[in-house]
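Q: Here is a sequence with its predicted model. Questions after.
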Amino acid sequence: MNTTIPARPDRERPTGPLVVTAATDRASSIIGRGRLVGPLPTYGSAEWAALPLNSPQAIAATVVAAECWRAAGTPAMIRRTVELELLANRQLENAERSAAFAELAATVRHLSMVPTQDELAHRRQVAA
């Protein structure tokens with residue numbers, strides 16, 4: 001027998017700052033209990049898999065992973081990620097421009113040492 005209560009499409013899940021705060025408070029509490037027992041393993045690691053399912057450390061490590069996932073999807077984190085990617089792209093473009101300018105400058109320095117046609121003609125006249 002299925003005892004799961006189906007979601008009601010006419011009711012929205014509560015959202016907003018109060019829900020986020022409640023989730024963060026609950027997560028902090030669970031993570032704190034896990035840390036009281038000992039260090040938390042990385043979710044999915046061999047150390048994590050070796051813990052019993054009801055271990056406070058295993059549960060806390062799972063909550064840490066869930067909180068990271070939840071935080072990564074917030075508009076603020078998405079905006080920050082995009083800003084960092086744009087900044088990194090600008091830095092790469094600036095580095096490429098700097099390298100191209102350095103190459104151009106080296107070529108100009110080399111060409112400045114090559115005598116002009118007038119200098120060559122003068123040298124020929126002096127040598128003759």
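A: Cool, the structure landed.
Q: where's Ala22, which helix or strand?
A: Element membership of Ala22 [criterion: DSSP states H and E] is helix 17-37.
Q: Could you give the average pLDDT over that helix?
A: Average pLDDT, helix 17-37: 83.
Q: How far off centre is that helix?
A: In terms of C-alpha atoms, centre = their mean, to the nearest Å, the gap separating the centre of helix 17-37 from the centre of its chain is 24 Å.
Q: And the next helix or strand along the chain from it, how far out from the chain middle?
A: Sequence-wise, the next helix or strand beyond helix 17-37 is helix 46-50, with elements assigned using DSSP H and E. The chain centroid and the centroid of helix 46-50 are separated by 26 Å under C-alpha atoms, centre = their mean.
Q: Please report the distance of Pro56 from Ala27.
A: Using C-beta to C-beta, to the nearest Å, Pro56 is found at 13 Å from Ala27. Placement of C-beta: from N, CA and C, glycine included.
Q: what helices or strands is the helix holding Ala22 leaning on?
A: Contact here means 3 or more C-beta pairs under 8 Å, 6 or more residues apart in numbering; DSSP states H and E; on that basis helix 17-37 packs against helix 56-72.
Q: What residues sit buried inside the helix it packs on?
A: The neighbour-count check on helix 56-72 (16 or more other C-beta atoms under 10 Å) flags Pro56, Gln57, Ala58, Ile59, Ala60, Ala61, Thr62, Val63, Val64, Glu67 as buried.
Q: how much does that helix deviate in direction from helix 17-37?
A: 150 degrees (axes from the mean of the first three to the mean of the last three C-alpha atoms, to 10 degrees).
Q: so how many other residues sit close to Ser113?
A: Heads up, residue 113 is Met, not Ser. 6 (other C-beta atoms under 10 Å).
Q: next one: His110
A: Considering only other C-beta under 10 Å, His110 is surrounded by 9 other residues.
Q: so Asn94 is in which element?
A: With DSSP H and E as the test, Asn94 turns up in helix 75-112.
Q: ok and that helix relative to helix 56-72, angle-wise?
A: Compare the direction of helix 75-112 with that of helix 56-72 by the same axes, to 10 degrees and you get 70 degrees.
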